[in-house]
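Student: need a 3D model of the following:
(one chain, ligands or ions: 1)
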Amino acid sequence: MRKAILILSLLLLALLPAALAEAGQASPLIMVGLWSNQTSIVLSSADGFSLADAETSGILGSYKAKEKVTVTFSSSGIAVNGQPVTARKLVAVLPPKAGAAIEVNRRQYRGSVSIHRTAGKNGLTVVNTLPLEEYLYGIIAREISPAWPAEAVKAQAVAARTYALHSLGKHRSDGYDVCATTDCQVYGGKTAEDARATKAVDETRGLVVTHKGKPIPAYFHGSGGGFTENSENVWGGHHPALRGVADFDQNSSHFRWEKQLTQKELEAALESAGIRIGSLQSIEISPLTKPPVKAFDRGVSGRIKELRFVGSSGSTVVSGAKLRTILGLNSTLFDIKVTLPAEKSVQFEITDSYGDRDLKTVPINVKPLPGKADKPNIRSISGRANETIVFTGYGWGHGIGLSQWGAKAMAEKAPAGDTAYFREILKHYYTGVEISKLY
Ligand SMILES: [Zn+2]
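Tutor: Numbering: from 1, shown residues only. I've put the predicted structure just below:
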């Protein structure tokens, strides 16, 4: 008997750590707002499903495999297949089967899906509730190419997990944590999953970027354009982990960009944003130099904090972020030049080294007229025909935190077989951080 108890005790002791670890390994749940203010939603499932009242758990209807069910907004609340129901919130219940998914508007989702009236609107909100790790399966391939080196995809997975944790409750007043667009992170459900992205999530399960023990707002962007930016120079808040650092995105397809506008086009764009200063005369911005930049109107990477437009009837200061939105620029890391095309050319006869005579055409460049007080930070606009305002810039996105193209370049140079290199990538782009296992 005593021996049996001893064996049982030993067995329990052996099992206990595993059981504790199991309990500690639960991924938190996340509520993702898929759509809001919809008049009609179509649900179905390859395994069949039921619709229940989310408050009473009472089953309102059960549906066969692949049967389509239409949920609509009605003045009295919610209607299912045209019949009004008393429930204020519906939840789709799937049979307990591994891999079962609910289809909403032809897209598949893991976890559960609920529908409630959009607050203050005549429409419906659809919410997908699922473990955070499974949510990540549905976003990684939308945020980065899963065909990129595995260490870059893993760095993205950790950044996305950290960012999601930081965003929990962002849309609480709408009845969910995060939305499914670029405002939070682009989420496409099970339909958007990719085996390589799923592997990156699984291999970094529970890992997050922390600063002094707390998950950071792990912003990421496409391409830093040679240098990333301090957070306060883009949208206000100073965060010690979000500092400008050298980027390795020189091979990015978004490294350098250019946009040309005529004076009329630029004036029209500013006017559509409510900026009315008459005929544009000059733009005041310090010249773009190599980082680290110390100009008052630029951040450490050279990203424009603000610039001044001077017109015939006044002047205005516009933030770099606002101008980026107005003109649809790839980034705020740019310089501006005012140019005129070659208007004239001269032809003259030459005799080449073989003694043949030839006609050579040489353009005469017409430079813009100098402004009243031409200084390096003033780009004068003379108003001559064909004058072009050229924006030459670098990078793609806000430039804070992880640069995806830079992560790719770092991963390509990672030591062969180093499956922990994603930590180096994260520690480069986030300053003074640790990679911590949350669960
Ligand atoms: Zn959002």
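
Student: residue 427 and residue 413: what is the separation?
Tutor: Distance of residue 427 to residue 413, given as Cβ to Cβ, to the nearest Å: 15 Å. The way it works is simple: take the backbone N, C-alpha and C, and place the C-beta from them, glycine included.

Student: per-residue confidence at the most centrally placed residue in the chain?
Tutor: Nearest to the geometric centre of the chain sits residue 182, at 5.1 Å (Cα atoms, centre = their mean). According to the prediction, residue 182 has pLDDT 90.

Student: so it, which of the three states?
Tutor: coil (DSSP: H, G, I helix; E, B strand; the rest coil).

Student: what about the strands in the stretch 251-400 of the chain?
Tutor: 256-262, 280-284, 306-311, 314-319, 334-339, 344-351, 357-364, 378-380, 388-394 (DSSP state E, counting those that start in this stretch).

Student: relative to the ion, which of those is closest?
Tutor: The ion lies closest, by Cβ to the ion, to one member of the strands of the stretch 251-400 of the chain: strand 314-319, at 21.7 Å.

Student: in the chain, which spans are helices?
Tutor: 2-24, 132-137, 140-143, 150-167, 195-203, 232-235, 263-272, 320-327, 404-412, 421-429 (DSSP state H).

Student: so which of those gets nearest the ion?
Tutor: helix 150-167 (7.3 Å).

Student: report the distance from that closest one to the chain centre.
Tutor: Distance, stretch centre to chain centre, for helix 150-167: 12 Å (Cα atoms, centre = their mean, to the nearest Å).

Student: does the ion have contacts with it?
Tutor: No. If you take Cβ under 5 Å from the ion as the test, helix 150-167 misses the ion, and the best it gets is 7.3 Å.

Student: neighbouring contacts of stretch 290-301?
Tutor: For stretch 290-301, contacts defined as Cβ atoms under 8 Å, 6 or more residues apart in numbering pick out 224-230, 233-234, 243-244, 246, 285-286, 288-289, 302, 304-307, 333, 399.

Student: and the residues you listed, which are buried?
Tutor: The neighbour-count test (16 or more other Cβ atoms under 10 Å) marks 224-230, 233-234, 243-244, 285-286, 288, 302, 304-307, 333, 399 as buried among the contacts of stretch 290-301.

Student: filter the residues you listed by proximity to the ion?
Tutor: Applying Cβ under 5 Å from the ion to the buried ones among the contacts of stretch 290-301, none is adjacent to the ion.

Student: domains for this protein, by residue range?
Tutor: Each domain of the chain is listed here as a residue range: 29-202, 206-253+398-437, 256-394, per automatic domain parsing.

Student: how long is the first one end to end?
Tutor: I take that to be domain 29-202. End-to-end distance for domain 29-202, by Cα to Cα, to the nearest Å: 16 Å.

Student: distance from it to the middle of the chain?
Tutor: That offset, for domain 29-202, works out to 19 Å (Cα atoms, centre = their mean).

Student: over to the second one?
Tutor: Here the centre of mass of C-alpha atoms in domain 206-253+398-437, compared against the chain's by Cα atoms, centre = their mean, lies 14 Å away.

Student: so residue 158 makes contact with residue 435?
Tutor: Yes. Using Cβ atoms under 8 Å, residue 158 makes contact with residue 435 at a distance of 6.8 Å.

Student: joint contacts of these two?
Tutor: 207, 208, 209, 426.

Student: what number of residues lie near the last one?
Tutor: Counted with other Cβ atoms under 10 Å, the burial measure for residue 426 works out to 26 neighbours.

Student: ok, now which ones touch it?
Tutor: Per Cβ under 8 Å, 6+ apart, neighbours of residue 426: 155, 158, 159, 209, 402, 433, 435.

Student: list the buried residues in stretch 87-104.
Tutor: In stretch 87-104, counting by 16+ other Cβ under 10 Å, buried: 87, 89, 90, 91, 92, 93, 94, 101, 102, 103, 104.

Student: next one: stretch 205-222
Tutor: 206-211, 215-222.

Student: out of those residues, which are inside strands?
Tutor: For the buried residues of stretch 205-222, the ones inside strands are 207, 208, 209, 210, 211, 215, 220, 221, with DSSP state E as the criterion.

Student: dig out what the last one forms beta bridges with.
Tutor: It refers to residue 221. residue 403 (DSSP bridges).

Student: so what's it up against?
Tutor: Counted by Cβ under 8 Å, 6+ apart, residue 221 has contacts 228, 395, 396, 397, 398, 399, 400, 401, 402, 403, 404.

Student: let me see the contact set for the nearest residue to residue 308 once chain neighbours are set aside.
Tutor: Spatially, and ignoring its direct neighbours in sequence, residue 308 is nearest to residue 284 (4.0 Å; Cβ to Cβ, 6 or more residues apart in numbering). By Cβ under 8 Å, 6+ apart, the contact list for residue 284 reads 307, 308, 309, 310, 377, 378, 379.

Student: closest to residue 33 out of those?
Tutor: Nearest to residue 33 among those: residue 307, at 36.0 Å, using Cβ to Cβ.

Student: shouldn't that closest one be in contact with residue 321?
Tutor: No. The pair residue 307 and residue 321 does not pass the contact test of Cβ under 8 Å, sitting 11.4 Å apart.

Student: residues near residue 422, how many?
Tutor: Neighbours of residue 422 (other Cβ under 10 Å): 29.

Student: okay, and for the stretch 151-300 of the chain, where does confidence drop off?
Tutor: 236 (pLDDT under 70).

Student: need the ones in strands among the buried residues of stretch 205-222 in JSON lines with distance to residue 126, can you?
Tutor: Below are those laid out as JSON lines (distance: Cβ to Cβ, whole Å):
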{"residue": "207", "distance to residue 126": "30"}
{"residue": "208", "distance to residue 126": "28"}
{"residue": "209", "distance to residue 126": "30"}
{"residue": "210", "distance to residue 126": "33"}
{"residue": "211", "distance to residue 126": "35"}
{"residue": "215", "distance to residue 126": "27"}
{"residue": "220", "distance to residue 126": "27"}
{"residue": "221", "distance to residue 126": "29"}
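
Student: if you rank the contacts of residue 221 by neighbours, which is first?
Tutor: Busiest of the contacts of residue 221 [other Cβ under 10 Å] is residue 228, holding 37 neighbours.
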